[in-house]
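Trainee: My questions are about this predicted structure, shown below with the sequence.
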Amino acid sequence: MLLDRFSQLVDSQPKTIFFRGENYSVTFEALSYAIGGRTKSLAGIGIISGLRVAIILDESRDVIEILLSCWKLGAIPVLVSPHATGAERKQLLKSIQSDMIIANWRISEDIADIDIPVFPIEELSQGFGGCAPPELHDDSNLDKIRLILFTSGSTGIPKAVQLTGRNLIESATAWHEQLQFTQNDIYLNCLPMHHIGGISIFLRSLVYGFSTFQMNEFDIEKIIYSITYEKITLVSMVPTMLQRLLDETHNELPPSLRGIIISGGPSSENLMNRCITNDIPVYKSYGMTETSSGVCGFWLHEHPAKYDSVGLPFIKTKFQVKESILRISGSTVMHSFFQEEPTEDWLNTGDIASIDNEGFIYIKMRREDRIVTGGENVNPKEVEDVLLSHSQITSAKVYGDFDEEWGQMVVAEISTDLQTDEIMEWLSGKISEYKIPKQIYIK
């Protein structure tokens, strides 16, 4: 159904720009042509229906082309961070039992010793794969797995979230109910494409036919330029990003920007009051990979007294608090974790929460096995395990602490004779930079 929607857009508005980047513009017609070539090249290397294909790419444009081409062949895309360390990538790829990997040359060299076929995207030309047409896949079954993303797991090993076509479409529909997309919208995407926050923006544009402006990284100067000169109407950010945007623009944003969607961690009272005072069009939301993106939210200016809430439930979504833990049920809740039983009835978020008499949801504390720092999820046990692998570290406790800028920061209490700078240097390259503690207490 997602591919059918794309075909409709190609037929109805072939010359309309679907997405742009800093140095390119792609129309629906041009993307259709590119996907035709990509599909043939992927079929040429043996990608068929049901295979799990890990995608580890730097460029949003490449991710989009390979994702849609995998869908045409019935393969299941598995999005992996191009910024993960070599050890982290190998762990993720092993856990999901990937059949093939599509990556950039740089990344291909880093994982050359892995026992999975790796194909650099630079070598998959449009003509690769011969002249025979590939066997295309019918995507009308909405309950099949269409996408796999990673989230932090309670054991320290990231867990693979399996999302169906129904999950993805229902999420886009719920967001449309809140934001009322039009074909005049230009949605700036500065979130990583391997995160649900980034890829879901593209999927919404696929369902509703609006345009996106893709950025491969968070660059505040480029974001300000784009918002000002590219007629951006919507942008999704984590609170840290919004703080920097307001600091750099002195709270002055163009009227064309009708909505800033923020999620991915706690927002400070100071930041929310600043938005209310300066009439910043903020839509505050809460969600997770396991719920296919946001599942509740509200316009801050409509309910300023609820600034510390994460809003009201989206359509087809139900919330309950049982023994202080937030539970969610609805059509956007994941099919399952990889190799685990399907999700039934209620998803236990692990977050401590409450619901007031008007239905507004309040997150009191994030789950103990997840630190949300600058929009990134960190499992404290994963960091503890890496620290304890050092022969001179005898104990380690890692936790999240409130931080005005990052929402939470990673903190470690360590028993060792090492100095802080020695620990930081040793951690570099073993785990992603955002997982490295910003504060270390040596006992």
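Mentor: Sure thing, it's come through. It should be emphasised that the depicted structure is a prediction, and the values quoted were computed from it without experimental measurement.
Trainee: low-scoring stretches of the stretch 201-350 of the chain, by residue?
Mentor: Scanning the stretch 201-350 of the chain for pLDDT under 70 picks out nothing.
Trainee: residue boundaries of the helices in it?
Mentor: Secondary structure of the stretch 201-350 of the chain by DSSP state H, counting those that start in this stretch: the helices cover 220-229, 239-249, 269-277.
Trainee: Check which residues of the second one are buried.
Mentor: The neighbour-count criterion (16 or more other CB atoms under 10 Å) identifies Pro239, Thr240, Met241, Leu242, Gln243, Arg244, Leu245, Leu246, Thr249 as the buried residues of helix 239-249. C-beta here means a position set from N, CA and C on the backbone, and glycine is covered the same way.
Trainee: Give me the spatial nearest neighbour of the third one, chain neighbours excluded.
Mentor: Read it as Met241. Nearest non-adjacent residue to Met241, counting by CB to CB, 6 or more residues apart in numbering: Phe218, 6.1 Å away.
Trainee: And that neighbour, its phi and psi?
Mentor: Main-chain dihedrals, Phe218, degrees, to the nearest 10: phi -90, psi 110.
Trainee: Near it, how many other residues are there?
Mentor: Neighbour count for Phe218, taken as other CB atoms under 10 Å: 17.
Trainee: so it makes contact with Leu188?
Mentor: No - using CB atoms under 8 Å, Phe218 makes no contact with Leu188, being 11.0 Å away.
Trainee: all strands of the stretch 251-400 of the chain, in order?
Mentor: Using DSSP state E, counting those that start in this stretch, the strands of the stretch 251-400 of the chain run over residues 259-262, 282-288, 293-299, 312-313, 317-322, 325-330, 336-337, 347-355, 361-365, 371-373, 376-378, 393-403.
Trainee: Number of residues surrounding the nearest residue in space to Ile17 that is not next to it in sequence?
Mentor: Nearest in space to Ile17, with sequence neighbours left out and distances taken as CB to CB, 6+ apart, is Ser25 at 5.0 Å. A count of nearby residues for Ser25, using other CB under 10 Å, gives 12.
Trainee: same deal with Ser391?
Mentor: Neighbours around Ser391, by other CB under 10 Å: 7.
Trainee: Extract the residue ranges of the stretch 51-200 of the chain that are flagged as low pLDDT.
Mentor: 125-137, 153-156.
Trainee: so Gly375 makes contact with Gly265?
Mentor: Yes - using CB under 8 Å, Gly375 makes contact with Gly265 at a distance of 5.9 Å.
Trainee: which residues do the two both contact?
Mentor: Val238, Pro239, Thr240, Gly407 (CB atoms under 8 Å, 6 or more residues apart in numbering).
Trainee: tell me what the helix or strand containing Ser171 is packed against?
Mentor: Using DSSP states H and E, Ser171 maps to helix 165-179. Packing partners of helix 165-179 (3 or more CB pairs under 8 Å, 6 or more residues apart in numbering; DSSP states H and E): helix 2-12, strand 145-151, helix 196-208, strand 293-299.
Trainee: mind listing what the following helix or strand past that helix pairs with, with the direction of each?
Mentor: Next in sequence after helix 165-179, counting helices and strands by DSSP H and E, comes strand 186-189. Looking at strand 186-189 with DSSP bridges, its partner strands are strand 211-214 (parallel), strand 234-237 (parallel).
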